[in-house]
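Peer 1: have a look; sequence and predicted model below, questions after that.
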Amino acid sequence: MNSNIVMYYSMLIIGALLLLVTVRLLIELFKTKEHKGAMLFLIILVGFMGSLLFFGNLPTLKYVLTKDYEVIKGECVFEMDSSHLGFSFDMKMLDTNEDYFFATDAELAFDEPSKIMDYGIENTFYCEVTVTKDHELKIHHKIYDPDTGKLIISGE
């Protein structure tokens, strides 16, 4: 299964669990007479985090469940980001001005960064990126040599 889909479902489930914890804490707040200030702060914090994770990811759920995807095609460029462990790439689609993050440990095979570096990171590539209809979740990518049309990288 695609690592982005796994991460998506994980965030959705964690958000739902945090909302359930919030409801449980609200029940405890009304039962107990002590530490209401600290309990209220905790309820607000957990509820806010759960709401962000759950309701922030909920609109994309219909596209993930129905596998309603769109393929974005066009020229792209890569920027190397070395602030993470190892390094990663940020891919920018020039036509749509959308950015996609490619982590070396999660999405790129071991030799894919070197393939991009071999062609030159400053080059423009032809890319196809499969995303959900709302463009919130990247599913798959293909990167081609702009001169020969040869597939360089294909992956999740």
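Peer 2: Perfect, I can see it now.

Peer 1: who are the packing partners of the host helix or strand of T22?
Peer 2: Applying DSSP states H and E as the criterion places T22 in helix 3-31. Judged by 3 or more C-beta pairs under 8 Å, 6 or more residues apart in numbering; DSSP states H and E, helix 3-31 is in contact with helix 36-66, strand 138-144. For every residue, glycine as well, the C-beta is placed using N, CA and C.

Peer 1: out of those, which is the most enclosed?
Peer 2: Stretch with highest mean neighbour count among these: strand 138-144 (a mean of 19; mean count of other C-beta atoms under 10 Å).

Peer 1: helix 36-66 and that one, what's the angle between them?
Peer 2: 50 degrees (axes from the mean of the first three to the mean of the last three C-alpha atoms, to 10 degrees).

Peer 1: report all helices and strands that whichever helix or strand comes after strand 138-144 contacts.
Peer 2: Counting by DSSP H and E, the element after strand 138-144 in chain order, helix or strand, is strand 151-155. When contacts are defined as 3+ C-beta pairs under 8 Å, 6+ apart, strand 151-155 packs onto helix 112-119, strand 138-144.

Peer 1: lowest average pLDDT across these?
Peer 2: Lowest mean pLDDT within the helices and strands packed on strand 151-155: helix 112-119, at a mean of 66.

Peer 1: and M93, what does it touch?
Peer 2: For M93, the contacting residues are I72, G74, E75, C76, D99, Y100, C127, V129, by C-beta atoms under 8 Å, 6 or more residues apart in numbering.

Peer 1: the fourth one belongs to a strand?
Peer 2: I take that to be C76. Yes. According to DSSP: H, G, I helix; E, B strand; the rest coil, C76 belongs to a strand.

Peer 1: right, I'll call it a day here.
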